[in-house]
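Q: Pasting a predicted model and its sequence here:
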Amino acid sequence: MPLICGILLAAGRASRFGSHKLLCPLPDGTPMAAACARNLLPGVDRAIAVVRPEDEPLARLLRAEGMEVAPCATAAEGMGASLAWGVGAAPQADGWLIVLADMPAIRPATMQGIARLLRQGVWAAAPAYRGRRGHPVGFGQPFREELLRLKGDIGARPLLARYSHRLRILDSDDPGILTDIDTPRDLHALGHAISAATAGHKP
């Protein structure tokens with residue numbers, strides 16, 4: 001069985017949020033990063049969180065959720081460097097599911113769907129909601145060397161553009177694939193969306 005490793009990118013500075021975003025509680029009280037970890041873990045065989053070396057509170061939280069933690073010495077360089085660091089912590093995996101730690105609304109089923117495509121041998125996979133591509137993004141073993149060479153803050157977008165013919169899209173009914181939390185206003189809006197969805201499902 002192919003081994004799929006989840007990489008939770010949690011080494012950003014969150015300068016627009018104004019406080020430690022990933023420790024901030026969601027409407028149900030769960031810290032944001034913990035919610036992302038819980039959504040990720042059921043779909044992968046191994047899960048690694050990439051954090052800043054000095055961020056011990058976040059590291060403790062994620063270890064308690066069952067994540068391995070990889071403090072990234074190059075975190076200040078940006079997302080590309082953090083992604084490369086995470087892949088480098090599990091270079092023998094058959095695929096990597098890349099998850100952003102400020103996207104707590106992605107459903108576990110969506111994570112599992114992308115991981116399943118990687119296990120089937122696709123080169124790369126991502127979900128789409130109403131025609132818009134979102135997260136998480138999965139990469140297979142053919143991308144290993146290029147992922148390890150990533151630098152700066154661009155992330156893997158250039159890879160997806162260059163190999164668009166290799167990208168498998170998973171049609172999804174999950175709006176969480178497009179919902180990242182950058183500001184307190186985003187978090188407030190997420191709470192309203194969750195409340196509305198809950199109200200809509202009441203008998």
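A: Cool, got the structure.
Q: Quick one: residues contacting the residue lying closest to Cys72 once chain neighbours are set aside.
A: Excluding the flanking residues, the one nearest Cys72 by CB to CB, 6 or more residues apart in numbering is Trp85, at 4.3 Å. The way it works is simple: take the backbone N, C-alpha and C, and place the C-beta from them, glycine included. Listed by CB atoms under 8 Å, 6 or more residues apart in numbering, the contact set of Trp85 reads Val50, Ala70, Cys72, Ala73, Thr74, Ala75.
Q: mind checking how far the residue nearest to the fifth one when sequence neighbours are not counted is from Val50?
A: Setting aside the residues directly before and after it, Thr74 is nearest to Ala81 in space (CB to CB, 6+ apart), at 4.2 Å. Remark: distance between Ala81 and Val50 (CB to CB, to the nearest Å) = 9 Å.
Q: same check, this time on Thr183
A: 22 Å.
Q: When those two are compared, which one has more neighbours?
A: Val50 (28 against 13; other CB atoms under 10 Å).
Q: contacting residues around that one?
A: Taking CB under 8 Å, 6+ apart, we find Val50 in contact with 7-11, 70, 72, 75, 82-83, 85-86, 89.
Q: Whichever strand or helix holds it pairs with which strands, parallel or anti?
A: Taking DSSP states H and E as the criterion, Val50 maps to strand 46-51. Counting by DSSP bridges, the strands paired with strand 46-51 are strand 4-10 (parallel), strand 68-71 (parallel).
Q: Mind putting those strands into TSV with mean pLDDT, distance to Gly155 and mean neighbour count?
A: Output for these, formatted as TSV (pLDDT from 0 to 100; distance: least, CB to CB, whole Å; neighbours: other CB atoms under 10 Å):
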stretch	mean pLDDT	distance to Gly155	mean neighbour count
strand 4-10	97	8	28
strand 68-71	98	17	18
